[in-house]
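**Q** Following is a predicted model, sequence given first.
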Amino acid sequence: IPAVRTNLLDAIAKQVNGYHLRPELDYDYEYVRKRLIFEALSQGVQYVCNNAVEGDIAEFGTASGFSSYTIARALSCYQQMYQEFMARQGLAPKTLYLFDSFEGLPSPLDPVDTTSPNVRTGRWKQGDFTGLTQTELHALCGSAYDPDHVRTVAGWFKDSLPALVPGVKFALIHLDCDLY
């Protein structure tokens, strides 16, 4: 079993947790960008739980684990908050599916990708955006949400999607895929 970089996981958790109380003193683009991602994903999970939307939650492209952990924290909070309502609607606890190659970007071969300014200038290339390992991502999200309901799925999307159990439905999908 590969070693888990606990200091990295702690740093991600601290960053996400800090959004609950940190006052904004001046415009910090990176902070505001992450805050908006945090709010959008949290609100999406809240909507799915509050309205008893059938299906699980998936993220495609996990990289640093920031958005995955945000979703896991929101699931933990909102499923507890709306537990009775969701149970009355016949919904079981949601599973969080996290899809990633865990190898960074694939080789940009699709014509749409080769004409992208990010690919043409070399800003995005094969292997970029490699983040947490599959074990680290599961440990991070499993620290916020029931680890038995966190599934990390390794592989390229074209290969991993067909491997899903037939009948799996998603109530919310977060796509963070940079290439076709």
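**A** Yep, that arrived.

**Q** any chance you could map the strands in the protein?
**A** 56-60, 96-100, 150-154, 170-175 (DSSP state E).

**Q** So which residue is smack in the middle of this structure?
**A** Closest residue to the average C-alpha location of the chain: Ser68 at 2.8 Å, with C-alpha atoms, centre = their mean.

**Q** in this protein, which segments are predicted with low confidence?
**A** Where the chain drops to pLDDT under 70, the residues are 1-2, 17-28.

**Q** which one's the longest helix in it?
**A** helix 29-50 (DSSP state H).

**Q** Would you map the helices across this structure?
**A** 6-18, 29-50, 66-81, 83-88, 111-114, 117-120, 134-142, 157-160.

**Q** and Asn7, how many neighbours?
**A** As a burial measure, Asn7 scores 7 neighbours (other C-beta atoms under 10 Å). Yep, even glycine has a C-beta here, placed from its N, CA and C like the rest.

**Q** actually Asp178, not the one I wrote
**A** 17.

**Q** The helices of the chain: which one's closest to Asp100?
**A** Among these, the nearest to Asp100 by C-beta to C-beta is helix 134-142 (7.3 Å).

**Q** List the residues that contact Val4.
**A** Residues in contact with Val4 (C-beta atoms under 8 Å, 6 or more residues apart in numbering) are 133, 135-136, 139.

**Q** Could you list the residues in contact with the longest helix of the chain?
**A** Against helix 29-50 from outside (C-beta under 8 Å, 6+ apart): 15-16, 19, 22, 24, 53, 55, 57, 66-67, 70-71, 73-75, 78-79, 81-82, 85-86, 94, 171-172, 174.

**Q** if we can go back for a sec, show me which of the contacts of Val4 are buried.
**A** Buried residues within these, counting neighbours by 16 or more other C-beta atoms under 10 Å: 133, 136, 139.
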